[in-house]
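J.: show me the folded form of this:
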Amino acid sequence: MSIKQKISKTLNVQAAESFVQSVQENAAYYIFAAKHTPFGVDQGGGSDDAPPVPQDTALSDLQVYNDMIFGKRIKGDNVAALIKRYDWVENTVYDMYDDTDTDLASKAFYVVIDDVVEYNVYKCLYNNKGAKSTQKPFGKDTAPFEFPQDGYIWKYLFTVDQFNIRKFATDDYAPATPVDFITEAAVPGSIEVVEVETAGSGYNNYTTGIFPDAASIAVGSNLRFGLDASASSVDQYYKNCLIKMTSGVANGEYRLITDYIIQGGRKIIVIDRPFNNRPNAGDEYEIYPNVFIYDVSATSQANCIARAIVNSSIGNAISRVEVLSIGEGYRIATAKIKTANIVAVTSNAVVRPIISPPGGHGANINNELFARYVGITTSFIGNNDPLTPNNDYRTVGLLKNPRYANVNVKIDTDTVIGSFVTGETIYRYKPLKLFSNVTIAANSLVIGTNTSFINTFRTNDRVIITNGVTNIFANIQSIISDTQLSIDKIPTYSGGNSEIYLVESELFGTATSYDSINLRLTDVNPIGWDISTKLLGAASYCTAGVSNTQPAITVNSRDADEFNAFNQLTTFVGSFISSPEFIEDEYLLQDVDDVDLTPSARLHSFTDNPGSANDYLYVTNVSNTFDLQGINGSGGQIRGATSNSYFTARYKYNGEIVPDSGEILYLENLSPITRDIRQTETVKLILEF
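T.: Here you go, the predicted model:
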């Protein structure tokens, strides 16, 4: 069976737009740094001189988590839709927009102009039959620009300012930043260009001249004008042509010639309506054949007006079509050059209108310029905790929606109702108080007085019902009437004087411990957190607000800072047994009886605090379980496999995100990037959709 499909290129563009929207609104994305050990070790393959292509397997993803060092969250202004970058270069032939071109997405039909302080982007509407572009486009206007030097017609689309240039532009890509006045001025179904496909010949019904004297102006009517002696002496010769004024008070105005007569020695045209500014004797004009443009499917007034320019040097053929009014609402357009029967056209020209993209040129630059790329950028600042300023990294990647571990929330004890329990799911929520003084019955009925349950609730809405001492967290099972509804839980209490709240909740994490002041969690969702968040236990029904004491929420005892970054290094806290001589990247081991179960890790960096009780080892790639209580009298000793230095570990803190949580969306291997406290690295990722 033959299957024929069309997958629109706009699907890729929409996927890119959806990704940008996801970053800006409803997901947590992090650019992370990983792998401080040389390639060729720990399944990395390749070498530092020739970084390997990242693998896309489940096993390789697990290794990336083992290698992960730190990550920084991407904010909305750090992501942008991108277009391919085609810089304008003199004497280059550029493609032109064409509504029938199936390969347009792969062509250079627009250019980026680097004007030092900004980038300006222009779309090529006409390339003069494939001529070389010799005039750099310039100007910012809603109307297309025609440059007589090379015959190109360009349409200004948008400007990229310095802020976005620095953040997103590369040699190959430029950010797409719409300009409101261009978007708002776009005309749906407009025709800016009519292509001459066959030039034809014998279009003799053209002339140029001047109105010779005062008597030639408004000959008996403001619709009748006398032409000069060079005009044809044949009746009807210029009927259906267009006259355009090229000088004087009516310069640029044009009218349709409805009749042409020879009368009393005068050569008189009759136009369809008066000029806005009546010409004077001596004013210049041009008369050329009119291009009639039709569209029986047009949804609004299709009033494109165009004239065919005749080239006398090649048999009075049609050299080009000048569009005088772009019209609107065209959907399927055809064009013909109509001449009076008296004109001896020897070969008919073929002309084809080119209709603007949906919405008009500039209405949707992402679709028009195929912005199926997304740029993501951030800076790793050397002295910015928790982005460790030590060692190096060889991999950068994009991680979506990881979950945090070792999170502590300080509870506002004045707001607690109930008690959280270990292992329960914790929601964050914002309550909407709806009614007071409802009564809870033992049969799961909620009874109100002067309430309007039917217009307020929907089946399966989540609610909290509380008497100030005990909470009930449930879903609405059914709405019986304005004063009665049932819930899907057996009430833990019954009676009146209760309040009911509609709850919009989102999963926050899992409780690991609670002491009435501190709620410790793992598997924490970083999306949507703010200090006004209230917490709800799914099993205990306990509710509580967050303390105003700062920092109210910490990760591994540091300020969580709205989950804007994470440090994924495992930390051992203890003491150096002798002067520390550990070597970066070496294996750290702990001797055990069964060699197959030897705990090991790779040393990222260490901190020696002379005179302090606490020194630190920071590691990745932890395997097996390090014993901090001491095995066979070893006292929790860790040794460097190469340096043979020793460290007594008393505490171990895992990385700040749950291993293997979230989704790795992108990986790129690099030559080693050495970190320094005085150094900032700017990372730019380009995603193609």
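J.: remind me which residues of the stretch 1-150 of the chain are low pLDDT?
T.: 1-6, 41-45 (pLDDT under 70).
J.: can you give me the strands for the stretch 351-500 of the chain?
T.: 373-381, 392-400, 407-417, 425-440, 445-447, 462-466, 471-481, 484-487, 495-514 (DSSP state E, counting those that start in this stretch).
J.: now the stretch 1-150 of the chain
T.: Using DSSP E, counting those that start in this stretch, strands in the stretch 1-150 of the chain cover 29-34, 68-73, 79-84, 110-114, 119-126, 145-147.
J.: using CSV, please lay out those together with mean neighbour count.
T.: Every C-beta, even on glycine, is put in place using the N, C-alpha and C of the backbone. As requested, the strands of the stretch 1-150 of the chain are exported to CSV (neighbours: other CB atoms under 10 Å):
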stretch, mean neighbour count
strand 29-34, 25
strand 68-73, 25
strand 79-84, 23
strand 110-114, 20
strand 119-126, 24
strand 145-147, 17
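J.: before we move on, the earlier item: Gly71: which of the strands of the stretch 351-500 of the chain is closest?
T.: Among the strands of the stretch 351-500 of the chain, strand 392-400 comes nearest to Gly71, with 6.1 Å by CB to CB.
J.: note down every partner strand of that closest one and its orientation.
T.: Next to strand 392-400 in the sheet, as set by DSSP bridges, lie strand 29-34 (antiparallel), strand 663-674 (antiparallel).
J.: go ahead and name everything in contact with the first one.
T.: Contacts of strand 29-34 from elsewhere in the structure, counted by CB atoms under 8 Å, 6 or more residues apart in numbering, are 22-23, 64, 67-74, 79, 376, 378, 380, 387, 393-402, 565-566, 568, 665, 673, 683, 685.
J.: how does it look with 7 Å?
T.: 23, 64, 67-74, 376, 378, 380, 393, 395-400, 402, 683, 685 (CB atoms under 7 Å, 6 or more residues apart in numbering).
J.: show the pLDDT at Ala442.
T.: Per-residue pLDDT puts Ala442 at 87.
J.: tally up the residues packed near the nearest residue to Pro386 once chain neighbours are set aside, please.
T.: Using CB to CB, 6 or more residues apart in numbering and skipping the chain neighbours, the partner closest in space to Pro386 is Asn567 (3.5 Å). Using other CB atoms under 10 Å, Asn567 has 22 other residues around it.
J.: what pairs with Asn567 across the strands?
T.: Applying DSSP bridges, one finds that Asn567 bridges with Phe70.
J.: wait, it touches Met68, no?
T.: No: with contact defined as CB atoms under 7 Å, Asn567 and Met68 do not form a contacting pair (9.6 Å).
J.: quick one, which of the strands of the stretch 351-500 of the chain is nearest to Ser575?
T.: Shortest distance between Ser575 and the strands of the stretch 351-500 of the chain, using CB to CB, is found for strand 407-417: 25.7 Å.
J.: that closest one vs strand 425-440, what angle?
T.: In terms of direction (axes from the mean of the first three to the mean of the last three CA atoms, to 10 degrees), strand 407-417 departs from strand 425-440 by 10 degrees.
J.: now do strand 407-417: which elements does it pack against?
T.: strand 518-522, strand 543-546, strand 553-555 (3 or more CB pairs under 7 Å, 6 or more residues apart in numbering; DSSP states H and E).
J.: what do you get if the cut-off is 10 Å, keeping everything else the same?
T.: strand 495-514, strand 518-522, strand 534-537, strand 543-546, strand 553-555 (3 or more CB pairs under 10 Å, 6 or more residues apart in numbering; DSSP states H and E).
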